[in-house]
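Peer 1: turn this into a model:
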Amino acid sequence: MLSYQHIYHAGNLADVQKHALLAWVLDYLTRKDKPLTYLETHAGRGLYQMDAAEAVRTGEAAAGIQRVQRAKWFEADHPLERAISAVQDRHGAQAYPGSPLIATSLLRDQDSLHFAELHPQEHTALAMALSIYEAKAYRQDGYDLAQSLLPPTPRRGLMLIDPSYEVKSEYDRLPGIIAKLHRKWNVGVIALWYPILTDDRHSAMISKLKSQDLPRTLCHEVRFDPVREGHRIVGSGMFAINAPYGLEDEASRLSGLFADL
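Peer 2: Numbers count the residues shown, from 1 in each chain. Presented below is the predicted three-dimensional model:
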């Protein structure tokens, strides 16, 4: 599971869905003047350049975030657009934030941020991207890190689980992992991103998650055409526990935008 590098896919349509929902939740949580904890189990490198050779080769950023920005999906005050603008002001017009830099752009000094990444090169890049922030980057299995930190201090907050799904058993393991994490942190928002592939292999995982006694769940899925011939990802999903009030409305808005692509 150490071969995946998101630079080939950063800013694609799946990122648009995932990052729009993530940014909305972070913005919602910071409306209260109370500190929070943010934790990621599979952080990646945190910062990407859309004109990098890897990104240009796949064309996914051009078909994703660059396309939707031309279509003005997000107003300037939308939290995702604010995060992108902040990162581009610092790192250049072709910069695109992964979820760690979306979090650092939207969260506050009083908040506690923890990021796990096992891939050695990705972890090195992540640590460099986070070096100017009060955030911790761990070269550690993300599930182990989450188990060790939960329940966190502060207790309110959000965990993003965003695996590469390179190993098919990930789909089988995740419902049990998430149930265990929720038991340790029953007040936390836990968000799981997953790809929708041509074989719909995510379906059994989502059915299992829905069958568990989890509070205030939201399952949001969007579909889109493959970016190139033979590409197997045809959609993107997010399953959230303790989903904040109003997230369903933002998800519905995104569904309409994707439907009009």
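
Peer 1: going forward, measure contacts between C-alpha atoms and count neighbours the same way
Peer 2: Fine.

Peer 1: for stretch 122-137, measure first residue to last.
Peer 2: 11 Å (CA to CA, to the nearest Å).

Peer 1: flag every buried residue along that stretch.
Peer 2: If you call a residue buried by 16 or more other CA atoms under 10 Å, then stretch 122-137 has these buried ones: 122-127, 129-130, 135, 137.

Peer 1: from those, pick the one nearest Gly157.
Peer 2: Ala135 (14.7 Å; CA to CA).

Peer 1: measure the closest one to Pro79 for me?
Peer 2: 20 Å.

Peer 1: ok, Glu60 touching Gly11?
Peer 2: Yes: assessed by CA atoms under 8 Å, Glu60 is found in contact with Gly11 at 6.7 Å.

Peer 1: list the contacts for Ala125?
Peer 2: By CA atoms under 8 Å, 6 or more residues apart in numbering, the contact set of Ala125 is 45-46.

Peer 1: give me the element it is part of.
Peer 2: Using DSSP states H and E, Ala125 falls within helix 120-130.

Peer 1: off-centre distance for that helix?
Peer 2: Mean C-alpha position of helix 120-130 versus that of the full chain (CA atoms, centre = their mean, to the nearest Å) differs by 17 Å.

Peer 1: helix or strand right after that helix?
Peer 2: strand 136-138.

Peer 1: endpoints of stretch 137-147, how far apart?
Peer 2: 16 Å.

Peer 1: in it, what's buried?
Peer 2: Quick answer for stretch 137-147 (16+ other CA under 10 Å): 137-140, 142-143, 145-146.

Peer 1: count of neighbours near Gly92?
Peer 2: 12 (other CA atoms under 10 Å).

Peer 1: picking that back up, so Glu60 and Gly11 - more neighbours on which side?
Peer 2: Gly11 (29 against 26).

Peer 1: quick one: low-confidence parts of the chain?
Peer 2: 1-4 (pLDDT under 70).

Peer 1: can you give me the strands in it?
Peer 2: 37-40, 47-49, 95-97, 112-116, 136-138, 157-161, 189-197, 218-223, 233-241 (DSSP state E).

Peer 1: the first one: partners in the sheet, and parallel or antiparallel?
Peer 2: In the sheet, strand 37-40 lines up against strand 112-116 (parallel), strand 157-161 (parallel) (DSSP bridges).

Peer 1: please report how far Val222 lies from Asp172.
Peer 2: From Val222 to Asp172 the distance is 22 Å (CA to CA).

Peer 1: hang on, I meant His6
Peer 2: Distance from His6 to Asp172, by CA to CA: 23 Å.

Peer 1: looking at the two, which one has more neighbours?
Peer 2: A direct count of neighbours by other CA under 10 Å for His6 and Asp172 places His6 higher, at 19 against 13.

Peer 1: surely the more buried one touches Ala43?
Peer 2: No: at 9.9 Å, His6 and Ala43 do not qualify as touching, with contact defined as CA under 8 Å.

Peer 1: of the buried residues of stretch 122-137, closest to Val87?
Peer 2: Ala129 (10.6 Å).

Peer 1: for the residue of the chain most remote from its centre, give me phi and psi.
Peer 2: Most distant residue from the mean C-alpha position of the chain: Glu229, 25.5 Å away (CA atoms, centre = their mean). Backbone torsions of Glu229, given as degrees, to the nearest 10, read phi -60, psi 130.

Peer 1: could you do Pro151 as well?
Peer 2: Given degrees, to the nearest 10, the pair of backbone angles that Pro151 has is phi -70, psi 140.

Peer 1: so how far is His9 from the closest residue to Leu13 other than its chain neighbours?
Peer 2: Residue nearest to Leu13 in three dimensions, not counting chain neighbours: Gly64, with 4.4 Å by CA to CA, 6 or more residues apart in numbering. Noted for Gly64: a distance of 9 Å to His9, by CA to CA.
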